[in-house]
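**Student:** okay, predicted coordinates and the sequence, questions at the end:
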Amino acid sequence: MPPASPPHKPPSLLIVPLTLDSLTTPPTAHHLTLIRSAISLLLLPCGRRIYTPPLSLRISISAPPASPQAPPPSWQDIHALLSTLYMAAAQEAWRREYPVLNVDVVFDGGDDDRWLADIPDGAHAAVVGRAEDQAELAGVNARRGKNGLGHLRFTVIDDEEGEEEEEGEARLTTVGSKADVIYQPGREGVQAYDCVALGGTFDHLHVGHKILLSVAAFLARKRLVCGVMDASRLARKQGSSQMQPLADRIAGVRAFLRLIRGIHALNRSTTATTQDLHLDVVAITDDYGPTRDDPAIQAIVGSLETRKGCEAVNTLRATNNLPLLDIFTIGVVAPSSSEDTPSSDEAQQIAAKISSSGIRVFLEGKAK
């Protein structure tokens, strides 16, 4: 029998399995409390130290198979679900003064929990959940033992544990959380494309980036093109001394897209398997990149901040006699502005820190 992971070493990767009723309904208060409690547990031993590799929280989503008659999850459903989960985690990390916590939301994609059985011992991973989840982890650990790997530790978090969100507490949301799309004539309602594009700096990959990348991966049937801005355009960015090298940013995007490959299987409009999505993660030196001249690209995904840039892409493609792109717009990280939860100074500060520039400024302060 292989040895269990050393009990005295705190985990650097904490896994939170969440089972939802469906992918078209919001997570429950229990789910969000579990996420907040897990972050508290993960950050408790570290204080404010910055670790390399960074401390990570992985939220693994599963849901019962929908009946053939049930409507499949749309890209808006996936966007809303990801926004809720990522925002809950990001806000809790900020409240604990650790905005560099790496958070990933992944979908099982029909693979059940087999991925847990393959996590290497060097990842120093542990799992949190309710008491009834221990039986499932016992099966995972049995498979890990057969693979010569140590057992994953399990920590029980009761429903009552964790800090509940206080009434009137500042919350984050995504501006335009209903999302939006501009279809080209004749393509109204399309939910999947052979080739989808997006672009950005993707510096210190944060929750806003990950929502953007996840929605793009959900929409892509065969190929996903992601342009990563060259450093020559970024020298004047706030906190530029902590800007990641281009190679690191490209590697981070590629690693994340590989991690979330299960999202590809959720879109019933795609018939390909999760392994069929080809990833083109390339450096770009302007706002257009491959969208300038690639006739195979059919759609582009951006944020409210970059929507005008997406429209400029179509203007250029029209000039070059190329097919125009459907434009998908997702929300950006911002304070909630609903009537029952007005935005506040704290929420404004949280939103600023979750941005790439906010993270760079935080790291600059740590480097002094």
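**Tutor:** On my side now, so go ahead.
**Student:** grab the most central residue of the protein for me.
**Tutor:** residue 210 (3.4 Å; Cα atoms, centre = their mean).
**Student:** now residue 152: how far from residue 59?
**Tutor:** According to Cβ to Cβ, to the nearest Å, residue 152 and residue 59 sit 16 Å apart. No exception for glycine: its C-beta is placed from N, CA and C like everyone else's.
**Student:** ok so the residue nearest to the centre of the chain is a strand residue?
**Tutor:** No: counting by DSSP: H, G, I helix; E, B strand; the rest coil, residue 210 is not part of a strand but helix.
**Student:** shouldn't it be in contact with residue 106?
**Tutor:** No: counting by Cβ atoms under 8 Å, residue 210 sits too far from residue 106 to count as a contact (10.2 Å).
**Student:** between the two, which contacts overlap?
**Tutor:** Both residue 210 and residue 106 are contacted by residue 260, under the criterion Cβ atoms under 8 Å, 6 or more residues apart in numbering.
**Student:** these two touch, right, residue 322 and residue 290?
**Tutor:** No: between residue 322 and residue 290 there is no contact, the gap being 11.3 Å when judged by Cβ under 8 Å.
**Student:** low-confidence ranges, the stretch 1-150 of the chain, go.
**Tutor:** By pLDDT under 70, the weakly predicted segments of the stretch 1-150 of the chain are 1-9, 45-53, 66, 109-115, 117.
**Student:** what about the strands in it?
**Tutor:** Per DSSP state E, counting those that start in this stretch, the stretch 1-150 of the chain carries strands over the ranges 13-19, 56-62, 102-107, 125-129.
**Student:** would CSV of the ones you listed with distance to residue 34 be doable?
**Tutor:** Formatted as CSV, the strands of the stretch 1-150 of the chain follow (distance: least, Cβ to Cβ, whole Å):
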stretch, distance to residue 34
strand 13-19, 6
strand 56-62, 9
strand 102-107, 13
strand 125-129, 7
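**Student:** got the phi/psi numbers for residue 290?
**Tutor:** Backbone geometry at residue 290, expressed as degrees, to the nearest 10, gives phi -60, psi -20.
**Student:** and the closest residue in space to it that isn't next to it in sequence, what pLDDT?
**Tutor:** Leaving out its chain neighbours, the residue that sits closest to residue 290 by Cβ to Cβ, 6 or more residues apart in numbering is residue 225, at 5.3 Å. Note on residue 225: pLDDT of 98.
**Student:** pop out the phi and psi values for residue 225.
**Tutor:** phi -110, psi 120.
**Student:** SS state for residue 154?
**Tutor:** Secondary structure for residue 154, judged by three-state DSSP, is strand.
**Student:** ok, it touching residue 132?
**Tutor:** No: using Cβ under 8 Å, residue 154 is not in contact with residue 132, being 11.5 Å away.
**Student:** the two: who's more crowded?
**Tutor:** Remark: of residue 154 and residue 132, residue 154 carries more neighbours, 18 against 8, as counted by other Cβ atoms under 10 Å.
**Student:** and that one, what does it touch?
**Tutor:** 126, 127, 128, 129, 133, 134, 137.
**Student:** closest to residue 99 out of these?
**Tutor:** Closest approach between these and residue 99, by Cβ to Cβ: residue 128, at 21.1 Å.
**Student:** give me the number of residues near residue 28?
**Tutor:** Residue 28 has 12 nearby residues by other Cβ under 10 Å.
**Student:** circling back: redo the strands of the stretch 1-150 of the chain as TSV? Include mean neighbour count.
**Tutor:** Shown next, in TSV, are those (neighbours: other Cβ atoms under 10 Å):
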stretch	mean neighbour count
strand 13-19	21
strand 56-62	21
strand 102-107	22
strand 125-129	22
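**Student:** what's the closest of these to residue 285?
**Tutor:** Closest to residue 285 of those, according to Cβ to Cβ: strand 102-107, at 28.0 Å.
**Student:** chain center to the closest one, what's the gap?
**Tutor:** A distance of 5 Å separates the centroid of the chain from that of strand 102-107, by Cα atoms, centre = their mean, to the nearest Å.
**Student:** list the pairing partners of that strand within its sheet, with orientation.
**Tutor:** Strand pairing for strand 102-107, using DSSP bridges, gives strand 56-62 (parallel).
**Student:** if we can go back for a sec, so the residue nearest to the centre of the chain versus residue 87, what's the distance?
**Tutor:** For residue 210, the distance to residue 87 (Cβ to Cβ) stands at 11 Å.
**Student:** do the same with residue 153
**Tutor:** From residue 153 over to residue 87 the distance is 28 Å, taken as Cβ to Cβ.
**Student:** who has more neighbours, the two?
**Tutor:** Higher neighbour count among residue 153 and residue 87: residue 87, with 26 against 19, using other Cβ under 10 Å.
**Student:** picking up where we left off before, so which of the contacts of residue 154 comes closest to residue 93?
**Tutor:** residue 128 (15.5 Å).
**Student:** quick one: pLDDT of residue 252?
**Tutor:** Value for residue 252, per-residue pLDDT: 96.
**Student:** which SS class is it?
**Tutor:** Residue 252 is classified as helix under three-state DSSP.
**Student:** what's the burial count for it?
**Tutor:** So residue 252, with other Cβ under 10 Å, has 19 neighbours.
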